[in-house]
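1. what follows is a predicted protein model with its sequence.
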Amino acid sequence: MIKIGCCGFPVSRKRYFEHFPVVEIEQTFYQPPQVSLAKKWRWEAPKDFEYTMKAWQIITHEPTSPTYKRLKAAIPKAKEKHYGSFKPTEEVHVAWETTREIADALAADIIIFQCPASFVPDQENIKNLKQFFSHIKRGEHILAWEPRGRWLPKDIESLCRDLDLIHVVDPFVASQKYGNISYHRLHGRNRYRYKYTRDDLELLKGFAQKTKDCYVMFNNMDMFDDAMAFQEMIRA
């Protein structure tokens, strides 16, 4: 089974629902919506439509990240060290509970933890990562990790295996090291404005067919058209 979709809605939700079986919600990374709004999104989608979503950036990113500009409330200067990098703090814990609550409202099985390249594989970060995923209440959710930067493949595999995480990749950049499903996030080949060629999509088809179940989520400027073209290729 190959599920194809986009990271965010590049067109109206009504039009999107007509073409794709899944979408990855991006807003939950920047500033989670109200639970009532998440429930509305679930209600207005077709019954068999699937949501996945990104975890709130307060869990993964530190306040130095430019993405914090989209938070509704400013981070107190005195508490900046309490945020991000999976730190064992009340702030990170609350951010997870908020993330999980929205996932429940959306009936989103998969939650993606996307890390910045600044989240390096040092002793403290690995310790925090292990403690976070070992202690949170994950319920029935499938947790997926997209590391960036200089993580070694063997360390990614070991951590994902020990912590029961799906390794998320852009298959044009890296190969998946662990997971009983594949979750591909396509960021454009070297740039966001990249448009995937026919040859690219043929390669992607080969990547997607390596596992029994695969999510292929486009996250480039032409995501809607590229996802449509890839879906037509798969159906053919």
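-> Arrived safely, thanks for sending. Model, not experiment: these values are computed from the prediction.
2. quick one, helices of this protein?
-> In the chain, the helices defined using DSSP state H lie at 13-19, 27-30, 35-44, 57-60, 90-106, 123-135, 153-163, 198-208, 223-235.
3. need the residue closest to the centroid of the chain.
-> By CA atoms, centre = their mean, the chain has its centre lying nearest to Ile112, at 3.2 Å.
4. run through the bridge partners of it.
-> Beta bridges link Ile112 to Lys54, Ala144, judged by DSSP bridges.
5. deepest of the helices of the chain, which one?
-> Per residue and on average, the most neighbours among those fall to helix 57-60, with a mean of 26 (mean count of other CB atoms under 10 Å). C-beta here means a position set from N, CA and C on the backbone, and glycine is covered the same way.
6. check which helices and strands it sits against.
-> On a contact count with 3 or more CB pairs under 8 Å, 6 or more residues apart in numbering; DSSP states H and E, helix 57-60 meets helix 90-106, strand 110-114.
7. run the last query once more with 10 Å
-> Packed against helix 57-60, as judged by 3 or more CB pairs under 10 Å, 6 or more residues apart in numbering; DSSP states H and E, are the following elements: helix 27-30, helix 90-106, strand 110-114, helix 123-135.
8. take the ones you listed and write them to TSV, including mean pLDDT.
-> Conversion of those to TSV gives the following (pLDDT from 0 to 100):
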stretch	mean pLDDT
helix 27-30	96
helix 90-106	97
strand 110-114	98
helix 123-135	97
